[in-house]
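Chemist: Here is a sequence with its predicted model. Questions after.
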Amino acid sequence: MFYSSGNYEAFARPRKPAGVEEKTAWFVGAGLSSLAGAAFLIRDGQMSGDKITILERLGLPGGALDGIKEPKKGFVIRGGREMENHFECLWDLFRSIPSLEVEGASVLDEFYWLNKDDPNSSLQRATVEQGKDAGTDGLFTLTDKAQKDIIRVFLATREEMENKRIDEVFGADFLASNFWMYWRTMFAFEQWHSALEMKLYLHRFIHHIGGLPDFSALKFTKYNQYESLVLPLYTWLLDQGVTFHFDTEVTDVDFAITPGVGEEPSRKQATRLHWTSGESGAPGDGVDLTEDDLLFMTIGSLTENSDNGDHHTPARLDEGPAPAWDLWRRIAANDPSFGRPDVFGAHIPETKWESATVTTLDARVPAYIERICKRDPFSGKVVTGGIVTATDSAWLLSWTVNRQPHFKAQPADQIVVWVYSLFVDTPGDYVKKPMQACTGEEITAEWLYHVGVPVEEIAELAATGAKTVPVMMPYVTSFFMPRQAGDRPDVVPAGSVNFAFIGQFAETRERDCIFTTEYSVRTPMEAVYTLLGIERGVPEVFNSTYDVRSLLAATGRLRDGEEISLPGPHFLTDRLLGKLERNVVGELLVDFGLVKDVRS
């Protein structure tokens, strides 16, 4: 497996791998990683779909990319995914998956045309004092000291950031800035999360720093991600003959591990897959695996033990047995190279947060949405353009309205709103209770307070003007816990002959960051290409971190447009700038607003 960029590799079709006809494939979990891995086996590995089996504990595919209507509770989305044009592996996949919406188009075509016709942006990113504009004006408000913190982290080695918290490498000035408010609410970072992951995010999205305040860099699907991404992919895999077994829990994996000789790694082979199943007609309780039986394991889970409340019932924090994490613990006990799951999955107080799906039932509520987002929420086009953060919220509450309808089955007079908070243990401003203890009605009341509904009308509207489903997720930011090399297993561990780890807790050799749909597709692409020896490059991460134009543009934006001043008398500095501006470097500095233009 190798990384590549450019049209030469992107447009090439690999030849059929030797011996693929004799191989089968098994996937643990039916999240995006497994669905993508199966698609790459078929498209690029040219494996017959009927040789592929996907085992899933839940009753439907998609994992965290969910979107469903529960008959008695209402619409539910646990989270939303922000995407951009440089998710190279994701778009490589979906260029080959037929759209269910547009005849003759791929999912990528449909998505591309949608975002061309209706580009994303936010007209009000933050509010204060019950729905008033917070007046951030797109500024980052980074002091010189805070800017130096960012530069120091950006230039540090990965090793220097291992096992460190964000608040150990960034000072009080940075943590008080608009930049940090934009950043943590957009990506769900807490101050105690991984400084290493923060560094990877800075490198990964340096080309989008300028779009951070208004979300102009982001792109969204037409509907929720289940209907827009998962369903077309699942449908295509079924058409290719892939077998799915739902209500089937993988409980353990056996391995044969032979010690290495000299510098050679130990030989590692998965030999048996164990499961229990409540699905009618599911085969047996496991399967023996040979070298020709490829096993792709999704380990860990950010949505494990999620619990849905309803309009009158709080969501429950489930700290009990967690099958996905327990499976990884059993697997990891076989070899140190299989990772350390408790680095991520044993810190529920630090990894939990809660979201809620609000479905409006009263025509008065959308008017408050429109007042803040400055767009008609019923237009079918971009509404908020991303989250709106109530900066003075004790919960640090954020909310968003995507294009409506957000569900195909959604009535035309309803709006679906997604709400989440980073501080779920803190009493609210209107509802004097922590979000974790609140019913859907109480969460609705707190949200209505922060969008500016008069206090005397909140109780009635919260009770009858909406139906809200809260969701508590104990592990949702578990992959952000401080970590070091080896805590996550390599996608294909050294010496593996027939198995790979995929998903958010597998370690790519590329410079990518987690909590993205891109990472969920990159890891299975690497796994499939490695185990089958596919002669096509896996797309490398977009190289903006090495592009001087992206770096200069980001520097200018981080300084809120303030020019760099040179020490000394003006007549000397102007002469120096004049000489500098006669070359390409000087022209770039002027073009990106970092130095004043003194050219005559």
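Modeler: Ah, there it is. In this text, all values refer to a predicted model and were calculated from it rather than measured experimentally.
Chemist: For the stretch 151-300 of the chain, give me the ranges with low pLDDT.
Modeler: Counting by pLDDT under 70, the stretch 151-300 of the chain shows no low-confidence range.
Chemist: Also the stretch 401-550 of the chain?
Modeler: For the stretch 401-550 of the chain (pLDDT under 70), the answer is none.
Chemist: And stretch 169-184, what's buried?
Modeler: 169-170, 173-175, 177-184 (16 or more other CB atoms under 10 Å). For glycine as for every other residue, the C-beta is placed from the backbone atoms N, C-alpha and C.
Chemist: With Gly586 as the reference, measure out to Lys596.
Modeler: According to CB to CB, to the nearest Å, Lys596 stands 11 Å off from Gly586.
Chemist: Give the residue from these two that has the larger number of neighbours.
Modeler: Neighbour count, other CB atoms under 10 Å: between Lys596 and Gly586, Gly586 has more, with 19 against 16.
Chemist: What segments of the stretch 51-200 of the chain are strands?
Modeler: Counting by DSSP state E, counting those that start in this stretch, one finds strands in the stretch 51-200 of the chain at the ranges 52-55, 68-70, 74-76, 126-128, 132-133.
Chemist: got these as JSON lines, with mean neighbour count, mean pLDDT and distance to Pro411 columns?
Modeler: Output for these, formatted as JSON lines (neighbours: other CB atoms under 10 Å; pLDDT from 0 to 100; distance: least, CB to CB, whole Å):
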{"stretch": "strand 52-55", "mean neighbour count": "24", "mean pLDDT": "98", "distance to Pro411": "34"}
{"stretch": "strand 68-70", "mean neighbour count": "15", "mean pLDDT": "81", "distance to Pro411": "11"}
{"stretch": "strand 74-76", "mean neighbour count": "23", "mean pLDDT": "88", "distance to Pro411": "10"}
{"stretch": "strand 126-128", "mean neighbour count": "20", "mean pLDDT": "98", "distance to Pro411": "28"}
{"stretch": "strand 132-133", "mean neighbour count": "13", "mean pLDDT": "97", "distance to Pro411": "31"}
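Chemist: Nearest approach to Phe94 belongs to which of those?
Modeler: strand 52-55 (18.4 Å; CB to CB).
Chemist: Run me through the strand neighbours of the closest one, direction for each.
Modeler: strand 24-28 (parallel), strand 243-245 (parallel) (DSSP bridges).
Chemist: closest to Arg511 out of the ones you listed?
Modeler: The closest of the strands paired with strand 52-55 to Arg511 is strand 24-28. By CB to CB, the value is 26.1 Å.
Chemist: Moving C-terminal from that closest one, which element do we reach first?
Modeler: Counting by DSSP states H and E, the element after strand 24-28 in chain order, helix or strand, is helix 32-43.
Chemist: pLDDT on that next one, on average?
Modeler: Averaged across helix 32-43, pLDDT comes to 98.
Chemist: Now do the buried residues in it.
Modeler: Buried-residue list, helix 32-43, by 16+ other CB under 10 Å: 32-43.
Chemist: Name the member of these with the shortest distance to Thr53.
Modeler: Ala38 (9.2 Å).
Chemist: so that closest one touches Tyr234, yeah?
Modeler: No: Ala38 lies out of contact with Tyr234 (CB atoms under 8 Å); the separation is 9.8 Å.
Chemist: Mind jotting down where the strands sit in the stretch 501-600 of the chain?
Modeler: 538-539.
Chemist: so which of the buried residues of helix 32-43 comes closest to Tyr420?
Modeler: Proximity of the buried residues of helix 32-43 to Tyr420 was ranked by CB to CB; the top entry is Leu32 with 20.2 Å.
Chemist: From Ser99, how far out is the closest one?
Modeler: Using CB to CB, Leu32 is found at 17 Å from Ser99.
Chemist: related to what we said a few turns ago, what I need now is the strands of the stretch 51-200 of the chain written out in TSV, including distance to Thr290 for each item.
Modeler: Below are the strands of the stretch 51-200 of the chain laid out as TSV (distance: least, CB to CB, whole Å):
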stretch	distance to Thr290
strand 52-55	15
strand 68-70	38
strand 74-76	41
strand 126-128	57
strand 132-133	64
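Chemist: Understood, closing this out.
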